[in-house]
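**Student:** Pasted the sequence and its predicted model underneath.
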Amino acid sequence: MQRLSFGIIVNYLVAYLLQPYEKSKIAKAYEQSKISKDLFEQLQGITNQRTEKKILIWLHAESLTQADNFNEIISHFEDKKDLEFLLTTEESYGDQEFHMPGIHQCLPLDHPTFVRQFIDHWKPNSLVWLSDRIRPILLHRVAKSNIPAIYANASLVPVRAKAFLIFRTFIKVYLSYFDRILAKSDESAKDLRRIKEVRTKLEVLGTMQTGARALPYDEMLRSKFSTIQDNRFLWLAAHVVPGEIAALGKTQRRVSRNLQGLLLILHMDDLDEAKTAQVKLSALSLKVQLYNQDIIPDINTEILIVSGSENLGMWYRLAAVCFLGGSLVQSGGADPFEAAALGSAILHGPYTQNYQNDFDRLLDAGGARLVYNSEMLSNALVDTMSPDRAATMAHAAWEVCSAGAEVNDRIIELLDGYLEKEENLESST
């Protein structure tokens with residue numbers, strides 16, 4: 001039986017009293033077209049979405065940006081065909097593009113009826129909670145439903161908790177609803193250890209953040225390509241979109257005037273677009289070649305165009321410096337951790353909204369450099385060509401993309417354990 005404190009009981013009473021008011025408030029917002037019908041229903045724990053999968057792992061983050069931190073966990077389970085993810089946040093998805101797999105919902109308001117409707121509909125098998133916002137009724141219902149819950153990046157945030165501290169046992173009981181508590185720092189753990197009942201559940205593993213798995217590549221093919229090129233300096237432009245072709249061609253021509261033998265490996269996702277790019281770049285009097293594994297470019301080749309994902313890991317590994325495409329035009333950018341995980345310094349344009357949190361982390365750490373046009377890209381490329389400079393940036397980028405690996409691994413281990421326990425229970429009945 002799950003514990004109740006005076007604070008939790010008061011929350012239930014207040015919620016029951018306020019529920020008609022809250023429902024009236026969101027109904028008025030819906031009538032005034034301030035929120036959509038879907039959001040109106042989701043705030044009440046109602047949805048037409050459902051899953052036919054046997055297992056549902058619920059991942060909750062406070063914001064859309066924080067939700068990106070679940071990428072590694074999702075990738076770990078991507079081969080499990082009977083498993084799906086439910087992703088919730090405190091805010092609406094609205095018209096924002098959300099590029100993660102799974103079912104996306106806004107968390108219901110913290111009222112007993114809304115929470116019950118939400119939990120009874122989804123029946124999740126486990127929960128990873130990535131938020132400091134206190135949801136006493138929801139978490140009590142989670143514990144009452146025997147849903148194992150992991151509190152990641154745990155801390156006691158005074159601003160968030162102070163409204164509840166008049167009830168001395170509230171925080172203790174609230175935290176007891178979690179199966180495991182993963183503190184984000186020693187300082188956070190010090191605060192949490194003051195609550196005696198929490199100590200047996202507490203681990204200090206650092207901050208949960210988006211990480212990356214290095215793309216695979218053929219080492220023999222990489223070594224062969226590198227040997228034939230005789231260690232000439234090459235740089236990579238990955239996930240390039242058509243609107244960036246001219247700027248990259250001008251950059252290559254400008255920089256190669258002072259650096260003989262410079263080779264640009266220009267990667268595009270689509271083969272037809274790659275063929276069109278060859279025509280455009282050839283018109284700029286550049287010597288361009290489409291990649292063929294049987295034909296290695298000679299020293300006169302200025303741009304080697306490659307397409308698809310088959311050898312992308314090799315190109316990242318070969319290039320000391322990488323420009324990430326889709327960022328000089330409004331395409332939203334590409335995943336920077338693909339490059340960071342394989343030791344490449346990163347250059348990029350201003351349009352990186354699809355991975356904004358990751359790019360911000362890289363910029364803050366000195367693992368990436370922002371450019372706005374071909375001229376700035378040329379200058380940045382020249383600056384970054386220094387082996388020491390490229391190595392420093394690449395190391396900083398690698399540290400960012402590998403941060404949080406320990407906590408991600410632990411969460412995956414716990415989720416695997418919950419699933420195995422559930423499978424054993426099913427097989428024994």
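**Tutor:** Happy to help now that I have it.

**Student:** Pass me the low-pLDDT residue ranges in this protein, would you?
**Tutor:** Scanning the chain for pLDDT under 70 picks out the ranges 1-5, 7, 91-99, 157-169, 209-213, 403-404, 427-429.

**Student:** Please enumerate the strands of it.
**Tutor:** Assigned by DSSP state E, the chain shows strands spanning 55-61, 83-89, 103-106, 126-130, 149-154, 180-183, 202-204, 234-238, 263-268, 288-290, 303-307, 321-324, 345-348, 368-370.

**Student:** ok, and what's touching the last one?
**Tutor:** Think strand 368-370. Strand 368-370 has contacts (Cβ atoms under 8 Å, 6 or more residues apart in numbering) with 336, 345-350, 359, 362-363, 380, 384, 393, 397. (Glycine included, C-beta is placed from N, CA and C.)

**Student:** now, which of those sits nearest A320?
**Tutor:** A345 (6.5 Å; Cβ to Cβ).

**Student:** ok so, going back, nearest to D38 among the contacts of strand 368-370?
**Tutor:** Closest to D38, out of all of these and judged by Cβ to Cβ, is F359, at 29.8 Å.

**Student:** Quick one, which of the contacts of strand 368-370 are buried?
**Tutor:** For the contacts of strand 368-370, a burial check counting by 16 or more other Cβ atoms under 10 Å picks out 336, 345-349, 359, 362-363, 380, 384, 393, 397.

**Student:** TSV please, covering the residues you listed and showing distance to L175.
**Tutor:** Listed next are the buried ones among the contacts of strand 368-370 as TSV, based on distance: Cβ to Cβ, whole Å:
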residue	distance to L175
P336	35
A345	42
I346	39
L347	44
H348	40
G349	44
F359	34
L362	34
L363	35
A380	47
T384	47
M393	41
A397	36
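
**Student:** circling back to that earlier point, list just the nearest of the contacts of strand 368-370 to I134.
**Tutor:** Nearest to I134 among those, with distances taken as Cβ to Cβ, is F359, at 30.9 Å.

**Student:** What separation do you get for that closest one and D298?
**Tutor:** 36 Å (Cβ to Cβ, to the nearest Å).

**Student:** How about residues contacting stretch 408-415?
**Tutor:** Taking Cβ under 8 Å, 6+ apart as the rule, stretch 408-415 contacts 57, 72-73, 76-77, 126, 128, 148, 150, 152, 179-180, 182, 203, 205, 208, 211.

**Student:** Of those, select the buried ones using a ChimeraX command.
**Tutor:** The buried residues among the contacts of stretch 408-415 can be selected in ChimeraX (16+ other Cβ under 10 Å) with this line:
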select :57,72,73,76,77,126,128,148,150,152,179,180,182,205,208,211
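
**Student:** sorry, back to before: I'd like the strands of the chain as a markdown table, with distance to T276 appended.
**Tutor:** Shown next, in a markdown table, are the strands of the chain (distance: least, Cβ to Cβ, whole Å):
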| stretch | distance to T276 |
| --- | --- |
| strand 55-61 | 40 |
| strand 83-89 | 37 |
| strand 103-106 | 35 |
| strand 126-130 | 42 |
| strand 149-154 | 45 |
| strand 180-183 | 49 |
| strand 202-204 | 53 |
| strand 234-238 | 15 |
| strand 263-268 | 9 |
| strand 288-290 | 11 |
| strand 303-307 | 10 |
| strand 321-324 | 19 |
| strand 345-348 | 23 |
| strand 368-370 | 28 |
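
**Student:** What is the neighbour count of I296?
**Tutor:** By other Cβ atoms under 10 Å, the residues close to I296 number 15.

**Student:** What is the burial count for the nearest residue to it once chain neighbours are set aside?
**Tutor:** Residue nearest to I296 in three dimensions, not counting chain neighbours: I228, with 4.8 Å by Cβ to Cβ, 6 or more residues apart in numbering. When neighbours are defined as other Cβ under 10 Å, I228 has 12 of them.

**Student:** Quick check: the gap between I228 and W129.
**Tutor:** 52 Å.

**Student:** same question, T251
**Tutor:** Look at T251 and W129: by Cβ to Cβ, they are 45 Å apart.

**Student:** Same check on Y30?
**Tutor:** Noted for Y30: a distance of 28 Å to W129, by Cβ to Cβ.

**Student:** Same check on L202?
**Tutor:** Distance from L202 to W129, by Cβ to Cβ: 15 Å.

**Student:** Between these two, point out the one with more neighbours.
**Tutor:** Under the criterion of other Cβ under 10 Å, the comparison of L202 against W129 puts W129 first, with 25 against 19.

**Student:** Tell me if I'm right that the more buried one and A149 touch.
**Tutor:** Yes - W129 is in contact with A149 according to Cβ atoms under 8 Å; the separation is 5.8 Å.

**Student:** Need the residues touching each of these two.
**Tutor:** Going by Cβ under 8 Å, 6+ apart, residues that sit against W129 and also against A149 are 139, 178.

**Student:** Of the strands of the chain, which is nearest Q117?
**Tutor:** Nearest to Q117, of the strands of the chain and by Cβ to Cβ, is strand 103-106 at 12.1 Å.

**Student:** Can you give the distance of that closest one from its chain's centre?
**Tutor:** 16 Å (Cα atoms, centre = their mean, to the nearest Å).

**Student:** same deal with stretch 190-207?
**Tutor:** With Cα atoms, centre = their mean, you get 26 Å for stretch 190-207.

**Student:** Next one: the residue nearest to I296 from A319, what distance?
**Tutor:** 16 Å.

**Student:** go on, S309?
**Tutor:** Distance from S309 to A319, by Cβ to Cβ: 16 Å.

**Student:** Neighbour count: the two, which is higher?
**Tutor:** Set S309 next to A319 and count neighbours by other Cβ under 10 Å: A319 wins out with 25 against 11.

**Student:** Surely the more buried one touches I265?
**Tutor:** Yes - counting by Cβ under 8 Å, A319 does reach I265; the two are 6.5 Å apart.

**Student:** which residues do those two both contact?
**Tutor:** Counting by Cβ under 8 Å, 6+ apart, the shared contacts of A319 and I265 are 234-236.

**Student:** could those go into CSV alongside neighbour count and distance to R141?
**Tutor:** Shown next, in CSV, are the shared contacts of A319 and I265 (neighbours: other Cβ atoms under 10 Å; distance: Cβ to Cβ, whole Å):
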residue, neighbour count, distance to R141
L234, 20, 57
W235, 25, 54
L236, 26, 50
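
**Student:** Between these, which sits nearest K25?
**Tutor:** Closest approach to K25 among those (Cβ to Cβ): L236, at 52.3 Å.
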